[in-house]
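>>> Give me a 3D structure for the following:
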Amino acid sequence: MTERFARAGAIACISLAHERDFALGRLEIRPSRREIIDRGLRETVEPRVMRVLVALTRVRGDTLSRDDLIESCWDGVIVGDDAINRCISRLRKVAEASGNAFSIETQSRSRRRCRLLL
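Numbers count the residues shown, from 1 in each chain. Prediction:
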């Protein structure tokens with residue numbers, strides 16, 4: 001039962017203004033500012049992209065379904081695969097530019113997870 005509630009908290013709607021800063025490998029992530037910092041270099045990403053990154057890191061290596069992402073990042077508003085794929089693609093470019101500090105795996109057409117590479 002506790003695991004179910006923990007998962008529900010992980011996929012709850014994300015408010016970037018209330019998210020704490022965190023590290024992702026060597027990256028410093030500042031959700032409230034939508035910044036990703038790599039060795040002093042700052043990159044600002046779109047709010048939706050940051051929400052997807054926060055959602056993926058909240059579940060700590062577990063997978064999120066397309067519906068989970070819609071619930072937490074689009075406030076339950078139904079969006080097409082293109083919107084989700086665009087955010088995932090943008091985050092993969094950030095990962096690549098950072099020397100692959102993290103990766104995003106697509107396990108099936110509708111399930112994704114963020115993996116920290118150390």
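
>>> CA atoms for contacts and neighbours, from now on please.
Will do.

>>> Residue 55 belongs to a helix, doesn't it?
Yes - assigned with DSSP: H, G, I helix; E, B strand; the rest coil, residue 55 falls within a helix.

>>> per-residue confidence at residue 81?
pLDDT for residue 81: 87.

>>> neighbours around it, how many?
For residue 81, the neighbour count with other Cα atoms under 10 Å is 11.

>>> how far away is it from residue 87?
Distance of residue 81 to residue 87, given as Cα to Cα, to the nearest Å: 10 Å.

>>> cool, residue 94 as well?
Distance, residue 94 to residue 87, using Cα to Cα: 11 Å.

>>> what does residue 30 give?
Taking Cα to Cα, one finds residue 30 at 17 Å from residue 87.

>>> Repeat that for residue 104.
11 Å.

>>> Nearest spatial neighbour of the residue most central in space within the chain, chain-adjacent residues omitted?
Among the residues of the chain, the one closest to the centroid is residue 53, at 1.5 Å (Cα atoms, centre = their mean). Nearest non-adjacent residue to residue 53, counting by Cα to Cα, 6 or more residues apart in numbering: residue 91, 7.3 Å away.

>>> which residues does the one you found contact?
49, 53, 104 (Cα atoms under 8 Å, 6 or more residues apart in numbering).

>>> any idea which of those residues is closest to residue 38?
Checking the contacts of residue 91 against residue 38 by Cα to Cα gives residue 53 as the nearest, at 15.3 Å.

>>> how far away is the closest one from residue 75?
Counting by Cα to Cα - residue 53 and residue 75 are separated by 15 Å.

>>> And for residue 83?
Residue 83 is 14 Å from residue 75, by Cα to Cα.
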